[in-house]
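S.K.: Attaching a predicted model along with its sequence, questions to come.
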Amino acid sequence: MSETAATEKLSPVEGFKSESNYLLGPIPAELVDGSDHFGKASIQLLKHHGTYQQDNRDERGGDGKSYSFMVRSAIPGGKLTSAQLLAEIDLGDEVGNSTLRITTRQGLQLHGVLKGDLKHVIRRINEVQLTTVAACGDVCRNVMCSPLPYHGDPVYDAMQQLADDVAVKLRPQTPAYHQLWLTDQATGEKELAGGAEVEPIYGPTYLPRKFKVGVGLPGDNSADIYSQDLGLMTLAENGQVVGYNVLVGGGFGTTPSAAKTFAAIGQPMCFVTPEQAVDVAVAIVKVQRDFGNRADRKIARMKYLIANWGLERFKQKVEEYYGAALPAPRDVAVNDHNDGMGWHAQGDGKFFYGLNIENGRIKDEGDFRLKTALREICGTLAPPLRLTPHQSLIFCDLAEDDRGKIEEILGRHGVPTTEETSAVRRWSMACPALPTCGLAITESERALPGMMDQLEGVLAELGLADEAFTTRMTGCPNGCARPYNSDVGLVGKTKGKYTIFLGGRREGDRLNFVYKDLVPEEEVVATLASVLTYFRDDRQPGESFGDFCHRKGQDDLLAKCDG
């Protein structure tokens, strides 16, 4: 228990977990009670099983809320098969809202699932060798990693293996998951065995809050390791991994009305060898388990523990839990973000192709039939797949003559190739927000494409069409699309209005700053256009948009652009 929580009343969620018998709680009875929704305790416990109860605000009727569920699969490093993707697409058609979404953490999520279909959905996901356990909740969530399939590259092989190893080690062991979702109702027999009677890492109350892990490289920070509770920067010499810089205390969720909350990027804490990495990760999780704030969920993430203690004291406690001293981090800086889009040689005679998918939404809508195109590609070519941290999709192990086949299928279904996608759209992403996210204040996924249409025109007119900068939008300050380290962050503040952040960068190692607050949706693009004009006229050679805004600062930008 944390030093704070020892003297303060625990939050209600802590009570739900404590009384749940390892995440079982009242869920079994409520699954069959005939209601279309769950009670407060079950809502919180269900997150650990990979599902959120939601209310579709577009479909509310005279009787109140329109309940449905989002079901999320945890897919470490975004690696999956064509058959697994097709199974999730099928579920979206059968029991969801006919779409599937690639998440900002390289997972998949279904929307619009009704309560009565939850068991069928989760069982089906497990039958294709995926899982929803720990996709949400107060545990280590889906472990992110650069997804690039450079087969035979020892560095990429090692970092992707580490992501798998950390995910397995930190996966909850509760038998409740199998009991609830994978037990045959008629016989009571578990068709898919698993689970333990205790949680060797988490204990009966799990973590004070969600915990995020990412693995990246100095030259490839697509996993946004500075935004994670725990980031592992892979360091290599002569083509072989020699260890990892351990970054701690990243996290982006904030509450504007609570000054005690803030966004933070990870701080380098130590260097570990490949043999130490998993055990040090476990030690960090255990320190957060025992000392993170369990009284106030607004300040329960590990970044607040580190802010209160200081990095040195936190490191000392990690060393105590690990059982040995840990050397200082090496002096290495991130220098690139490789999104993997377009055609690339894998290094083994085959190719991979990164297809940009706007905001991760897989759907058929009018002449745009991405879902049908993916059915054909995955059904005929069956390539291994990777989901990217920017919500896009990589087809792996392609032969040279597959290029024409894929481009023909995409063209026939009205799906723009990556090569046909503008730079500004390619480097944008948004959270789902309205109508289903309970935290959403403004539109996000449904608003950003229209803004991209406008920005494409602005950039073309300014001669900046090829400029690569990240634009990330969220419907609330919780930061799921990681808007606080991007070149441009658009964060919903109140109905129809956004806070505009500027000055982060694609490399992800710097927070941005508030440029303007409460900007009406219809004025966002015009506000950005004035700054982009200033950028074109006064940039330094090779300077990125984010670096320009960071160099100029809020006061100068407002003075030059707020006319």
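M.R.: Here it is on my side, so go on. Numbering: from 1, shown residues only.
S.K.: show me what contacts the residue nearest in space to the middle of the chain?
M.R.: Taking CA atoms, centre = their mean, the centroid of the chain lies closest to residue 105, which sits 2.6 Å from it. For residue 105, the contact set (CB atoms under 8 Å, 6 or more residues apart in numbering) comprises 141, 142, 144, 212, 389. The way it works is simple: take the backbone N, C-alpha and C, and place the C-beta from them, glycine included.
S.K.: The same query, at a cut-off of 7 Å, please.
M.R.: 141, 142, 144 (CB atoms under 7 Å, 6 or more residues apart in numbering).
S.K.: Same check on residue 302?
M.R.: The neighbourhood of residue 302, defined by CB under 7 Å, 6+ apart, consists of 211, 229, 248, 249, 288, 292.
S.K.: what's the answer for residue 539, then?
M.R.: residue 548.
S.K.: ok, 10 Å please
M.R.: 464, 467, 545, 547, 548, 551, 552 (CB atoms under 10 Å, 6 or more residues apart in numbering).
S.K.: Repeat that for residue 535.
M.R.: Contacts of residue 535 by CB under 10 Å, 6+ apart are 462, 464, 467, 469, 528, 543-549, 552, 557, 561.
S.K.: Mind doing that once more with 6 Å?
M.R.: Each residue near residue 535 by CB atoms under 6 Å, 6 or more residues apart in numbering is listed here: 545, 548.
S.K.: in what helix or strand does residue 286 lie?
M.R.: helix 277-291 (DSSP states H and E).
S.K.: buried stuff in that helix?
M.R.: 277-278, 280-291 (16 or more other CB atoms under 10 Å).
S.K.: Tell me where the stretch 1-150 of the chain is predicted with low confidence.
M.R.: For the stretch 1-150 of the chain, applying pLDDT under 70 flags the ranges 1-7, 61-63.
S.K.: Tell me the spacing between residue 266 and residue 250.
M.R.: Using CB to CB, to the nearest Å, we find residue 266 at a distance of 4 Å from residue 250.
S.K.: next one: residue 78
M.R.: Applying CB to CB, the value for residue 78 to residue 250 is 19 Å.
S.K.: All the strands of the stretch 51-200 of the chain, in order from the start?
M.R.: Remark: strands assigned in the stretch 51-200 of the chain by DSSP state E, counting those that start in this stretch are 51-55, 67-73, 79-80, 100-102, 108-113, 144-145.
S.K.: Which neighbouring elements make contact with the fourth one?
M.R.: With contacts defined as 3 or more CB pairs under 6 Å, 6 or more residues apart in numbering; DSSP states H and E, strand 100-102 has these neighbours: helix 82-95.
S.K.: Identify the residues contacting the helix it packs on?
M.R.: By CB under 6 Å, 6+ apart, helix 82-95 touches 98-100, 108, 110, 113, 117, 121, 124, 128, 130, 378, 382, 385.
S.K.: now for those residues, which pair is the farthest apart?
M.R.: Of all pairs drawn from the contacts of helix 82-95, the widest gap by CB to CB lies between 117 and 382 and measures 27.4 Å.
S.K.: more crowded one of the two?
M.R.: residue 117 (19 against 14; other CB atoms under 10 Å).
S.K.: Next one: the more buried one relative to residue 135, how far apart?
M.R.: Applying CB to CB to residue 117 and residue 135 gives a distance of 17 Å.
S.K.: Likewise for residue 180?
M.R.: For residue 180, the distance to residue 135 - CB to CB - is 15 Å.
S.K.: Which of those two has more residues huddled nearby?
M.R.: Legend: neighbour count by other CB under 10 Å for residue 180 and residue 135, higher for residue 135 (28 against 20).
S.K.: just checking, that one touches residue 72?
M.R.: Yes. Using CB atoms under 6 Å, residue 135 makes contact with residue 72 at a distance of 3.9 Å.
S.K.: Between those two, which contacts overlap?
M.R.: By the contact definition CB under 6 Å, 6+ apart, residue 135 and residue 72 are jointly contacted by 50, 107.
S.K.: related to what we said a few turns ago, what touches both of residue 266 and residue 250?
M.R.: What both residue 266 and residue 250 touch, as defined by CB under 6 Å, 6+ apart, is the set residue 226.
S.K.: Excluding covalently adjacent residues, which one is nearest to residue 490?
M.R.: Once flanking residues are discounted, residue 490 sits nearest to residue 473: 4.2 Å by CB to CB, 6 or more residues apart in numbering.
S.K.: give me phi/psi at that neighbour?
M.R.: Main-chain dihedrals, residue 473, degrees, to the nearest 10: phi -120, psi 140.
S.K.: Quick one: residues contacting it.
M.R.: Residue 473 sits next to 430, 444, 448, 490 when contact means CB under 6 Å, 6+ apart.
S.K.: ok, now residue 252?
M.R.: Listed by CB under 6 Å, 6+ apart, the contact set of residue 252 reads 227, 263, 479, 484.
S.K.: By pLDDT, rank these and give me the bottom one.
M.R.: On pLDDT alone, residue 479 ranks lowest of the contacts of residue 252, at 92.
S.K.: Could you list the buried residues of stretch 550-563?
M.R.: For stretch 550-563, a neighbour-count test (16+ other CB under 10 Å) marks 550, 552, 557, 561 as buried.
S.K.: so residue 143 sits right up against residue 167, yeah?
M.R.: Yes. Counting by CB under 6 Å, residue 167 is a contact partner of residue 143 at 4.3 Å.
S.K.: Overlap of the contact sets of those two?
M.R.: Among the neighbours of residue 143, those also in contact with residue 167 (CB under 6 Å, 6+ apart) are residue 76.
S.K.: Looking at the two, which is more packed in?
M.R.: Between residue 143 and residue 167, residue 143 has the larger neighbour count (other CB under 10 Å), namely 31 against 22.
S.K.: ok, that one - contacts?
M.R.: Residues near residue 143 by CB under 6 Å, 6+ apart: 76, 163, 166, 167, 213.
S.K.: What of residue 560?
M.R.: Counting by CB under 6 Å, 6+ apart, residue 560 makes contact with residue 534.
S.K.: Kindly report the same for residue 426.
M.R.: Counting by CB under 6 Å, 6+ apart, residue 426 makes contact with residue 356.
S.K.: Around residue 257, how many other residues sit close by?
M.R.: Residue 257: 8 neighbours (other CB under 10 Å).
S.K.: And it, how close does it get to residue 283?
M.R.: Relative to residue 283, residue 257 is positioned 35 Å away (CB to CB).
S.K.: tell me, how many neighbours does residue 261 end up with?
M.R.: 18.
S.K.: Confirm for me that it is in contact with residue 254.
M.R.: Yes. Assessed by CB under 6 Å, residue 261 is found in contact with residue 254 at 4.6 Å.
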